[in-house]
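> Sequence and predicted structure are below.
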Amino acid sequence: MRKIVPVLLTLAMTGCLLSACGGSAGTATTKAAAATTKAAASSAAATKAATTAAATTKAAASTAKASAGAGATTKAAASGQGTAGAVYIDPKASSMTGTVRFFTAFDGKSGTDALIKDFNSKYPNVKVEATTYKNSADGNIGLDTAMVAGNVDVIISYGVANTAARWSNNLLMDLTDKLKADKLDLKKEWGTDAYKAKDGKTYVFPSGGLSVYIAINTDKWKEAGLGSIPTEWTWDEYLDACKKMTKGDVCGGSDFNQTDYWTYSVRQSKGKNVFYKEDGTSDFDNPLWETVLQREVDAEKSGIWYSKAKYLSDSTKSRDLFLQGKNASTVESILTRYIVAGKPAFKIAYAPYPVNKKGEKNYMGGSIPNSFIAVAKNAKDPDAAYAFAKFAATYGNKYMYAAGHATMWTGVKADEIVDVVFGSKTDATKYIDVDSFEKYVVALGQPAYSEDNITAFTEIQSLVDEYTKYVLNGEMTAKAALAEMKKNADAAIKEAKK
Amino acid sequence: MKNAKNKETLAGWLFLMPALIIFLALVVFAVVSSFLLTFTKWNFLSGLSGIKWIGFENFVKLFTRDRKFITAVRNTLIYAVTTAPVSIVLALLFAYVLNGKAYFKKFNRMCFFIPYISSMVALAAVFRFLFRSDGPVNAILMNVFHVAEVPKWLNSTALCKIPIICVMIYAGIGFSLIVYMAALQNVPRELSEAAAIDGANSVTQFFKITLPIISPTTFYLCVVRLIAAFKAFTAINIMGMSDTAPSLVTEIYRNAFNSYNFGYASAESWVLVALILVITLVQFRGQKKWVHY
């Protein structure tokens, strides 16, 4: 008996160990992924999708192919629901069966439930199980682990770097042939074919975007006697308006609460690959960078703009201060999601993102590609997963607006968006000026910034965050900071190319 | 007889086997794998087939080209040098006071020990609130000390380490306090009484009798608290200072789980191991001079 007991114990322990390494890994990783989704997706984290990411250096550096035309992504004006001849809904939709495990950073109330309901009206026998994950560094680790473990079928992947890492590491299904069979042309449908892997294949629907605009408190605007809201303006003109709206504790304006948002002003002028020159080295010695950064510092110092350093240290959000009436205007991108719940005591109007020079093309006028819908390579029901991904990237893409994001699909109708977000145009007019919302938030048919070079993107993004904080704290001048950024970014690019 | 002995040995091994398997699988295997990974470039998403042998390239990059690593080493040493001694000294002081005649001894002991058993996440969140630009610390500075321009504790690269050091000291006092209280209770009273008869005051008694007798405890706490300080991560992560005031562990985490660069992160972790080992060995060497057994 004495000899049997240790043998039994050993066998039991070994069995437990082996089972923990094997079949329950999926459960463990699902739990790990689910555990990271409990927190609601924060707006800052969601918006940081384009910038905070797992790094893939050399692999991702040359994965995105340049688009045939200009660097800018241009969306065709919405003229109807899609291209004639393209297959958006499968002919056998009503009889298709399967289960789709869908991972997204948008919770049910932020459009996911409506998307699934709309999908099921066409595919009644396909079950969609949505899981919300937090679009942060930890949340993306959880998602990647879940994908490796085979617990994910369809994802919304945020940020080019995150997404490129997934397709470079063989986690995503090759959609090239399926898109061809369905006659879905990337440029016609989503305005860009830049987001492809090194092998030229397509692994994602480039369907999600972010539009960046100025949200204005119309009461403060009128109080300042500023007349009608301009349809285009320069930064000097906008800051002048901020000066006039600054009164007492109320700041006339504010940048979005994310450290690197000032770089969107450089993106507005450049149109493509903001961090890089044509020769692939970093672009931080371009005088435009210093102009933009110094402008933000000066605006905050003069008190007409809310201090970004305060946002970062106090973990407050630009949308909250704006909706509470503490800032008269703000640069925003995901405000829409919070308007109804925020119950502002004023009506919100919108204006376009300002330009650096009068008359120059505004590459922040349209939605910039920010999120991508993809099918996992090891999806349980590949056909059902693809059908859902395709629907979410086309007819279902309008629900992105409920989460404050934008769609890149050219088939969307502007008036649908207002209904998706506010219920109806009548309800919308209680909160917003609908015309300017459709022009500058929905922003169909406007030129938009894009990227096809992401060499050492994560490292460079990290440098931007680091040195921005030095400058905002007054520890470095903009010039000195950009000089160091140039040196360190070039070193990172050289390292990544090895 | 030999047969019986062999059977006994076999039985012994079999009893050890469960714990041994777990130890080998979860500790030894992990350590050896980590060591081997230091010589590779590996993005774990690519699977085992993606492991690429690169020799000492990771270490060369660490010491010659990684600016953030050097900053992290410097910060880690700062955290270690400040938090360990301060928390030990404070713990000794409180333990000495509580060991003598003091009111509400048990209550005070509990108050000092609660931070140690509390979640570091909660503590870090509280301290982050305390050091906000409009938080209580700045409110006291403005209203009590009439400071015109209050420090930006959480933003400034120069000052942001202070809240981290404060929370680490606050969390570390409890454990040291309890250990010291046990040690102080083992100091023979007769020695203090004899010293008092010979004219020694309480300060002299403390430095000449109490401190030498509890020196092994002090040595133990120095080693343990220094190692804990080198592993600083939670407070820095929760307070959002991983970019402004990174430590070695936050850098390891960033390289492993943000950049998925497991080989490089393994190299950093072994550098941390070597650093802790060297410092601990130095402490063991130095203890011969001041620790009295």
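Looks like it arrived, so ask away.
> Find the least confident helix or strand in chain A, judged by mean pLDDT.
Among the helices and strands of chain A, helix A:25-35 carries the lowest confidence by mean pLDDT, DSSP states H and E, at a mean of 35.
> Burial check on B:Ile140, number of neighbours?
13 (other CB atoms under 10 Å in any protein chain shown). Backbone N, C-alpha and C define where each C-beta goes, glycine included.
> check contacts around it.
Going by CB atoms under 8 Å, 6 or more residues apart in numbering or on different chains, B:Ile140 touches no other residue.
> Distance check, it against chain A.
17 Å (CB to the nearest CB, to the nearest Å).
> Let's see the pLDDT reported for that residue.
For B:Ile140, the pLDDT comes out at 94.
> element containing it, please.
helix B:136-143 (DSSP states H and E).
> try A:Ser462
helix A:457-472.
> any residue of that helix up close to chain B?
Yes. For helix A:457-472, a contact with chain B is found by CB under 8 Å from any CB of the partner chain, at A:Thr458, A:Ser462, A:Asp465, A:Glu466, A:Lys469, A:Tyr470, A:Leu472.
> Mind putting those residues into CSV with neighbour count and pLDDT?
Listed next are the residues of helix A:457-472 next to chain B as CSV, based on neighbours: other CB atoms under 10 Å in any protein chain shown; pLDDT from 0 to 100:
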residue, neighbour count, pLDDT
A:Thr458, 25, 82
A:Ser462, 23, 87
A:Asp465, 18, 91
A:Glu466, 20, 90
A:Lys469, 23, 91
A:Tyr470, 20, 91
A:Leu472, 25, 91
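> Quantify the burial of the closest residue to A:Phe322 other than its chain neighbours by counting its neighbouring residues.
Counting by CB to CB, 6 or more residues apart in numbering or on different chains, A:Phe322 lies nearest to A:Thr330, which is 4.4 Å off, once chain neighbours are set aside. Residues near A:Thr330, counting by other CB under 10 Å, number 28.
> Direction included, what does the helix or strand where A:Thr330 lies pair up with?
Secondary structure assigned from DSSP H and E places A:Thr330 in strand A:329-332. Based on DSSP bridges, the pairing partners of strand A:329-332 within the sheet are strand A:213-217 (antiparallel).
> Could I have the CA atoms of the partner strand written out in CSV?
The C-alpha trace of strand A:213-217 is given here as CSV (Å, rounded to 0.1, in the frame of the first residue of the first chain):
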residue,chain,number,x,y,z
TYR,A,213,-12.6,67.1,-36.3
ILE,A,214,-13.2,70.1,-34.0
ALA,A,215,-16.2,69.9,-31.8
ILE,A,216,-17.6,73.3,-30.8
ASN,A,217,-19.9,74.4,-27.9
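> which element follows it toward the C-terminus?
Next in sequence after strand A:213-217, counting helices and strands by DSSP H and E, comes helix A:218-223.
> Check which element follows that following helix along the chain.
Remark: after helix A:218-223, the chain's next helix or strand is helix A:235-245, criterion DSSP H and E.
> residues in contact with that next one?
Residues from elsewhere that reach helix A:235-245 (CB under 8 Å, 6+ apart): A:214, A:217, A:220-221, A:223-226, A:230, A:233, A:251-253, A:265, A:295, A:299, A:302, A:304-305, A:328-329, A:351, A:354-356.
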